[in-house]
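Colleague: Build me a structure from this.
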Amino acid sequence: MLFAILFTFWRFVQIVTLIPTMGMLAYFVNGYVQLNQLTPNYILVLFIVSVLALAWSIYTLFSYHRSSSNATFVAVVDLLFVGAFIGAVWALRFIAQADCTHITTGDPYDISFGPFGSASATNWDVNVDKTCAMLKACFAFGIMNCVFFFVTSILACLHGDRSSSGDRVTYYRETHSHRHGHRSSRSPNSRHSSHSHRRVYV
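Modeller: Predicted coordinates:
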């Protein structure tokens, strides 16, 4: 029960962060396609990884019973996505040093309060580079999903080990009970009872 709650929670967090990542990167891919230009690798790699990861997260979330029975396989695939996101984030690493926001000061002006005097104020202009901000957000979401998929991989791995140990215990009990029943059927008492029920006709 605890595995189901934690697994569902982290899968939901992954989906919530992957949807805007895929949407923003799709915006860039569409822009390059319309200009008939090749999409840069730092955008294309993260876009492909995000699409595959989103499809995998939705599939494993809505088919939870199948995912829990194949927990080891889910753990391996999630670990592969961790490596894929690390590579995609590394390709986009240059955006971490970019300054996407520019703050400039305008001309000062005076505000009059009548008989109470006046005050001097200054305009502050904030300019945000949309392209830079979107790429930096995708970079941040990529780092977050590295952590998220690592967590779900550990959870699935632990659940798989527990399930396999439970199967081994069940198999041992069934084998032991079968052997015990087989031995009891060959006991001298059962042989004697089978002979005692024979009828002799003269």
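Colleague: Every contact and neighbour count from this point should use C-alpha atoms.
Modeller: Will do.
Colleague: how about the strands of this protein, start to end?
Modeller: Using DSSP state E, the strands of the chain run over 101-112, 118-128.
Colleague: any idea of the mean pLDDT in the first one?
Modeller: Confidence for strand 101-112, expressed as mean pLDDT, is 67.
Colleague: Could you measure from residue 55 over to residue 129?
Modeller: With the distance defined as Cα to Cα, to the nearest Å, residue 55 ends up 30 Å from residue 129.
Colleague: er, residue 35 I mean
Modeller: Going from residue 35 to residue 129 by Cα to Cα gives 20 Å.
Colleague: Check residue 82 too.
Modeller: Taken as Cα to Cα, the span from residue 82 to residue 129 is 29 Å.
Colleague: Which of these two has more residues huddled nearby?
Modeller: Neighbour tally, residue 82 and residue 129, criterion other Cα atoms under 10 Å: the higher count belongs to residue 82, 23 against 12.
Colleague: and the more buried one, what does it touch?
Modeller: 145-147, 149-150 (Cα atoms under 8 Å, 6 or more residues apart in numbering).
Colleague: Ok, residue 24 next?
Modeller: 134-135, 138.
Colleague: measure stretch 54-70 end to end?
Modeller: Stretch 54-70: ends 19 Å apart by Cα to Cα.
Colleague: ranges for the helices of the protein?
Modeller: For the chain, the helices defined by DSSP state H occupy 2-34, 41-62, 64-69, 71-91, 130-185, 188-196.
Colleague: so which of those comes closest to residue 98?
Modeller: If you check each of the helices of the chain against residue 98 by Cα to Cα, helix 130-185 wins as the nearest, at 7.4 Å.
Colleague: Tell me the pLDDT of residue 197.
Modeller: For residue 197, the model assigns a pLDDT of 43.
Colleague: again with the one 4 residues further on
Modeller: pLDDT, the model's per-residue confidence, is 36 for residue 201.
Colleague: same deal with residue 151?
Modeller: 95.
Colleague: mind checking how far it is from residue 2?
Modeller: 14 Å.
Colleague: of those two, who's got more company?
Modeller: residue 151 (20 against 7).
Colleague: what sits against the more buried one?
Modeller: Neighbours of residue 151 in contact, by Cα under 8 Å, 6+ apart: residue 10.
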